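In: Model the following, please.
(2 chains)
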Amino acid sequence: MSTIPYDLRSAGPGSPDASPAGPEYAEVSRDVRPAPPRYRNEIGKYSIHRAPHCAACGRCVEICRHGVHVRPEGYLHVMRPYDYRCIGPDCKDTGCFCIDACPQGALKLSENPAFETLGDHRWTPDLLMSTSTMAETGRPAGNHLEREVGASGGGFDRLRFRFPDSPPPDLRREDISTKLPLNRRGDSRPGITIDVPWYGGGMSFGSTNIRALLGKARVAKAFHGFTCTGEGGYPERFVPYKDHVITQVATGLFGVREETIQRAPIVEFKYAQGAKPGLGGHLLGDKNTPSVAAMRETVVGVSLFSPFPFHSVYSVEDHKKHLDWIAHVNPRALLSAKVSTPNDVDMVAVGIYYAGGHIVHLDGSYGGTGAAPNVAKKNIAMPIEYAIGRVHQFLVDEGIRDQVTVIASGGVRTPVDVAKAIALGADGCVIGTAELVALGCIRCTACESGRGCARGIATTDDELLEMLDVDWCTQRLVNLYSAWQQLLVDLLYRLGLDSVGALRGRTDLLTHLDYENET
Amino acid sequence: MPAKYVIHHTPTKPRFRPVGKLGIVDWREDCSSCHNCVKRDCVYRLFRDEADTLRDEIGYLDYIYQCKGCLNCVQNCTKNILTRVVNPEYRRLGDSYYTPDLILTTWYQAETGKIPVSGSGYGGPFSGPGFDSMWTDMSEIVRPTRDGIHGREYISTSVDIGRKLSHLEFADGQLKIDPPPLMETPLPVIIDRIPLHWRRGAVMTAVTTAAAEIGTLVVLGESDILEKDASPRGHVIPFLESPDASAAQQGGSAPFVMIPDRPDVMALQEALKLNHPARIVAIRIPAVPTVAGRVAELVRDGADVIHLAFDSHGRELGEAQPRHMRDVLRDTHTTLVKLGIRDEVTLIASGGIAAAEHVIKAIICGADLVAIDVPLMLALECRLCGECERGQLCPIALEEIDAEFGVRRIVNLMAAWHSQLLEMLGAMGIREVRRLRGETGRCMFFEDLERDTFGRLFGKRKS
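Out: Sure thing, here's the model as predicted:
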């Protein structure tokens, strides 16, 4: 069971000094530091009520290992419990159970009814909470939360790993590699390798708070990974992180210019988005503020549509023409194509390879979005769990599997999902919603309405932008990535594998709860 | 090119406050009346009328019904006296098929006429029974999609109703036979006979007028037609419940009538056409397990239109383990295809069509079009509480609705459905809904994907 670092006992949510300070453009540290949530009353699984007859003896502060009870330096009274950190009745067995230890009997533990109102089938309250805990502490959440699977009843949520009895005796955790090479073509372009087998998904300037986007860029720099511009142009504030920013070229071509292509180490063609495949993009007029309009070279307040599809691409040959264009504009860029998951996704993947692509990015139908018709989110294209294996096998059969990198996204919520996707045949993943949850998203699904996200994440509203701070965002994401890496290494260790690359396609290490698992 | 089919929508507020999902509970006795009250900061301004409401006692607070669940107030309150709950009234809405979420979505569409749009990814179950175990396909690079929703390309949602010829015959360069009559409806959705307990007040007037405005058809019992002399008859399909030997006289001059299935139904169809050779006759068949064989028999005997009626949850009738409409339609469609007679008949499916996506999926499974009833009542704010069926008072006083209000709400719902049909057809690269019938190549079934993906890896699926 994990515990929160000791210094959290004096740091409550929203404490300005709890966030690391520093200039935005400084080197980004990968160090884990406490990054408490920005709301005063964080919602947890349990509630602890302190009755008025508390004598402020401080016994609870002394024994709690999870930072629930805090008495700041120089204070007489104990703060209201940070009960979101409480691990509940499980604590009884640890000898640190404040409820029993209180000499006045002034503490009462109960389940928090508001907790159950959070989330949905895919992102359960437990998953939201465990992701938030990782972002705060840089460590996995406690066992009181189900932190590996959601409650969707299919796909990743029904897959489990099959662990050997014991890992090889000579395998050490510190020797396990989580690195992922992105260029497997062996061509003249750079051999880019990222430290963890995932990177940040495209979110456009216009859909998402620039401070959140900068946090994503900074964590990408810290982990030698990437984030992606999405289809909203390339803000100048991204330039210091240009070696870690993918320029996306989508059908609206917003903000796509020669210099934004030339400065990118990877250029991504977005053919479709998993949440709304076949429908193009849509930025509602309210979010098209003067700065967004300037970036996209459009008129303020007008709804912006990205058409579907690329009207210049109706064949793999047309697609190759597109990639050739980028390849000539930037001779050092890797080429990626983001596609959703139709029936012929395997053929599409092969087409991307033969057109010259280095990365095939599959975006499954349950992926995130800033705005999409509900009918599309639920019904169009297949979930990513099906597409990965299909593409992997087809590439193997074609004899080109080792010349292309397959990246999966659309419903990857945890490092265990990353591992499952890799075991099914992907090389790595792209994550999006998990990063936003780390920044305080609770999936209320109102990203598109009016001024945008009320929690300051998916918004361009001047007032709401102020709710986020770049350094805080960075630290939350650094913590999240660190915890994920730690969990992934632990998983690989238990599987007896010395690298994440060795996990690719190892379906023999998986079982499915709905199958006999006899083959 | 003919004029583009558009359903004009008009925002129409509900008569009753909709039941919201989330509510904020406020432990007011602990409030310290501080000057940085979070209620002032609500982005959605839900609390703006709170003080007036409490002072003047003008009713329940709107924010109970309109909360978007952002939690800002709950999480920022200085005294932590706010919490969020799921509205118990919301949980009581509908049933296992017409879920509270589906009802709220339908209300939204009936009010605004717009497609429900939201952020974040899909949060529902991975798959489910019936239509929830299907995903429609889309076009990536090599199959051009269609852009219907933004108006750049025309996508037709028209369907033809009636018997079609399997082939043409010519003599001396002239068509030798008269093609049978066809009726075109601009939407693959007609309105089924509304169950008796909902036929109150101006409901039927609203339904028939809305059908006329949309340009679609509505099935009415003969008694309903008599009561509503002003009904626009061209859009009405009289349902002849128990036609007798004098059938030739029944149905008035209606160009399209519907009759129940029975042993002498083909003779009845012939009698109904005797004085009206241009009349189309639909045969309504309860979707029992042997329905595919019966449909094939009727089509071979010359039936124009078959209407397959499922229960309100889209299930077979009279079975302990009923199949869903999805499987029955596929079975029926495939049976007719194998016999080479599918193109000769029009198949209408009804029961369990609760959302726009169900229209698309039923057509993919083999229907030509669908008939609906419950969603229209939802549009009129029905909560499916069942009180009216038990002879109790309707909590929304359905009998008191204004016909114009009802028309607007139904038209709005159909406008939203039409837009969603265009979205899905566009994504599939289909330019007209006629081509979607039985086109299972444009969809993916849960069991097929599971078998090809996980079945290959993990063997047999547990039953």
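In: Confirm A:G119 sits in a helix?
Out: No: counting by DSSP: H, G, I helix; E, B strand; the rest coil, A:G119 is not found in a helix; it is coil.
In: how many other residues sit next to it?
Out: 21 (other Cβ atoms under 10 Å in any protein chain shown). For every residue, glycine as well, the C-beta is placed using N, CA and C.
In: One more: A:C429?
Out: For A:C429, the tally of surrounding residues (other Cβ under 10 Å) stands at 30.
In: Counting residues, name the longest helix you see in the chain.
Out: Since no chain was named, I'll use chain A. The residue-count maximum for a helix in chain A (DSSP state H) belongs to helix A:470-495.
In: My question was about chain B, not that one.
Out: The residue-count maximum for a helix in chain B (DSSP H) belongs to helix B:403-428.
In: Where does the prediction get shaky in chain B?
Out: Judged against pLDDT under 70, the low-scoring parts of chain B cover residues B:1-2, B:49-65, B:140-152, B:226-233, B:245-248.
In: if you set the cut-off to 80 instead, what comes out?
Out: In the prediction, chain B carries residues with pLDDT under 80 at positions B:1-3, B:24-28, B:45-66, B:139-153, B:222-234, B:243-252.
In: How is it partitioned into domains?
Out: The record assigns chain B these domain ranges, following automatic domain parsing: B:22-86, B:159-451.
In: In three-state terms, label B:P243 for me.
Out: Secondary structure state of B:P243, per three-state DSSP, is coil.
In: now do B:G441
Out: Following three-state DSSP, B:G441 is assigned to helix.
In: Enumerate every residue touching it.
Out: A:N343, B:D137 (Cβ atoms under 8 Å, 6 or more residues apart in numbering or on different chains).
In: Run through the helices of the stretch 151-300 of chain A in chain order.
Out: Using DSSP state H, counting those that start in this stretch, the helices of the stretch 151-300 of chain A run over A:210-222, A:258-262, A:290-296.
In: what about the last one, distance to the chain center?
Out: In other words, helix A:290-296. Centroid displacement of helix A:290-296 relative to its chain, using Cα atoms, centre = their mean, to the nearest Å, is 26 Å.
In: Excluding sequence neighbours, find me the nearest residue to the residue of the stretch 301-450 of chain B found nearest chain A.
Out: In the stretch 301-450 of chain B, the residue found nearest to chain A is B:A427; the distance is 2.8 Å by Cβ to the nearest Cβ. In space, and not counting its chain neighbours, B:A427 is closest to A:G278: 2.8 Å by Cβ to Cβ, 6 or more residues apart in numbering or on different chains.
In: Get me the contact residues on the stretch 251-400 of chain B for chain A.
Out: B:A355, B:A356, B:E357, B:I360, B:K361 (Cβ under 8 Å from any Cβ of the partner chain).
In: Excluding chain neighbours, what is closest to the fourth one?
Out: Counting by Cβ to Cβ, 6+ apart, B:M424 is the residue found nearest to B:I360 once chain neighbours are left out, at 5.0 Å.
In: my read: the one you found touches A:V375, true?
Out: Yes: in terms of Cβ atoms under 8 Å, B:M424 counts as a neighbour of A:V375; the distance is 6.5 Å.
In: Between those two, which has more neighbouring residues?
Out: Taking neighbours as other Cβ under 10 Å, B:M424 and A:V375 compare with B:M424 leading, 30 against 27.
In: Can you name the residues that contact that one?
Out: Applying Cβ under 8 Å, 6+ apart, one finds that B:M424 lies in contact with A:V375, A:A376, A:N379, A:I380, B:T136, B:A356, B:E357, B:I360.
In: again, 7 Å this time
Out: Listed by Cβ atoms under 7 Å, 6 or more residues apart in numbering or on different chains, the contact set of B:M424 reads A:V375, A:N379, A:I380, B:T136, B:I360.
In: repeat for B:R15
Out: By Cβ under 7 Å, 6+ apart, the neighbours of B:R15 are B:E381.
In: Quick check on A:V360: phi, psi?
Out: Main-chain torsions, A:V360, degrees, to the nearest 10: phi -100, psi 110.
In: now do the one 5 residues further on
Out: Dihedral angles of A:S365 (phi, psi; degrees, to the nearest 10) stand at phi -70, psi -20.
In: looking at chain A, which helix or strand is least sure?
Out: Across the helices and strands of chain A, mean pLDDT, DSSP states H and E gives its lowest value to strand A:281-283, namely a mean of 78.
In: Now do it: distance to the chain's middle.
Out: Strand A:281-283 sits 21 Å away from the centroid of its parent chain (Cα atoms, centre = their mean).
In: hang on, the earlier thing: tell me the most buried of the domains of chain B?
Out: Mean neighbour count, computed with mean count of other Cβ atoms under 10 Å in any protein chain shown, is highest for domain B:159-451 among those, reaching a mean of 19.
In: Quick one: end-to-end length of that one, please.
Out: Across its full length, domain B:159-451 reaches 34 Å end to end, with Cα to Cα, to the nearest Å as the criterion.
In: can you give me the strands for the stretch 401-519 of chain A?
Out: A:405-409, A:428-431, A:510-512 (DSSP state E, counting those that start in this stretch).
In: Same list (those strands) but as CSV, adding distance to chain B and mean pLDDT.
Out: Rendered in CSV, the data for those read as follows (distance: least, Cβ to the nearest Cβ, whole Å; pLDDT from 0 to 100):
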stretch, distance to chain B, mean pLDDT
strand A:405-409, 10, 98
strand A:428-431, 12, 98
strand A:510-512, 4, 97
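In: between those strands, which gets nearest to B:P14?
Out: Between B:P14 and these, the tightest spacing by Cβ to Cβ is seen for strand A:405-409, at 39.0 Å.
In: Packing partners of the closest one?
Out: Counting contacts by 3 or more Cβ pairs under 7 Å, 6 or more residues apart in numbering or on different chains; DSSP states H and E, strand A:405-409 packs against strand A:359-363, helix A:384-398, strand A:428-431.
In: who does that strand pair up with?
Out: Based on DSSP bridges, the pairing partners of strand A:405-409 within the sheet are strand A:359-363 (parallel), strand A:428-431 (parallel).
In: Mind listing residues that contact it?
Out: If you take Cβ under 7 Å, 6+ apart as the criterion, strand A:405-409 is touched by A:182, A:184, A:201, A:358-364, A:367, A:384, A:388, A:391-392, A:421, A:425-432.
In: can you rerun that using 8 Å?
Out: Judged by Cβ under 8 Å, 6+ apart, the contacts made with strand A:405-409 from elsewhere in the structure are A:180-184, A:201, A:274, A:336, A:349, A:358-364, A:367, A:384, A:387-388, A:391-392, A:395, A:421, A:425-432.
In: Those, buried ones only, as a ChimeraX selection?
Out: A single ChimeraX command suffices to select whichever of those are buried according to 16 or more other Cβ atoms under 10 Å in any protein chain shown:
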select /A:180,182,183,184,201,274,336,349,358,359,360,361,362,363,364,367,384,387,388,391,392,395,421,425,426,427,428,429,430,431,432
